[in-house]
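Chemist: Pasting a predicted model and its sequence here:
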Amino acid sequence: MKTIKGFDGLLSVYKDLPKVGGFYVDEDFISKKSIIESANYYLAESEEEDDDMEDDYKTWLEYPTFKAIIQNKLEHHPKSSKDELLNAVVYYLENDDFLD
């Protein structure tokens, strides 16, 4: 299992995420801006590990969805700040839609 720390960590790895799979988070995770910014995100490193993690962690966003949210925001606003990217993620989670 690989651990990514905070939203900064997610931004540093989003381009290299696998084409399938998704993030795991701690059971007490809630999709609130302050939590998303500082939470730990867990990535399974094998299919077997992925199966095991489903018992101990909560699922969050799928990798392709997270990448699409970030890429969409950057396509419309190439100089988006970290906070603007975070707002795009929160918007997606609340509205199931992209924030341009």
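Modeler: Perfect, I can see it now.

Chemist: mind checking how far whatever helix or strand residue 68 lives in is from the chain centre?
Modeler: Under DSSP states H and E, the secondary-structure element containing residue 68 is helix 63-76. With Cα atoms, centre = their mean, to the nearest Å as the basis, the distance from the averaged C-alpha position of helix 63-76 to the chain average is 10 Å.

Chemist: Tell me which other helices or strands the least confident helix or strand in the chain by mean pLDDT touches.
Modeler: Lowest by mean pLDDT, DSSP states H and E among the helices and strands of the chain is helix 47-56, with a mean of 92. In terms of contacts (3 or more Cβ pairs under 8 Å, 6 or more residues apart in numbering; DSSP states H and E), helix 47-56 is not packed against any helix or strand. C-betas here are computed from N, CA, C, even on glycine.

Chemist: Could you list the residues in contact with it?
Modeler: 1, 21, 24, 42, 44 (Cβ atoms under 8 Å, 6 or more residues apart in numbering).

Chemist: Drop anything exposed from the residues you listed.
Modeler: 24, 42, 44 (16 or more other Cβ atoms under 10 Å).

Chemist: now the first one, which residues is it bridged with?
Modeler: When you say that, I think you mean residue 24. residue 42, residue 59 (DSSP bridges).

Chemist: you'd agree it is up against residue 62?
Modeler: No: judged on Cβ atoms under 8 Å, residue 24 makes no contact with residue 62 at a distance of 11.3 Å.

Chemist: correct me, but residue 10 touches residue 4?
Modeler: Yes: between residue 10 and residue 4 there is a contact under Cβ under 8 Å: 5.8 Å.

Chemist: So between these two, which is more surrounded?
Modeler: Each of residue 10 and residue 4 has its neighbours counted (other Cβ atoms under 10 Å); residue 10 has more, 22 against 19.

Chemist: where's the more buried one, which helix or strand?
Modeler: Going by DSSP H and E, residue 10 is in helix 6-13.
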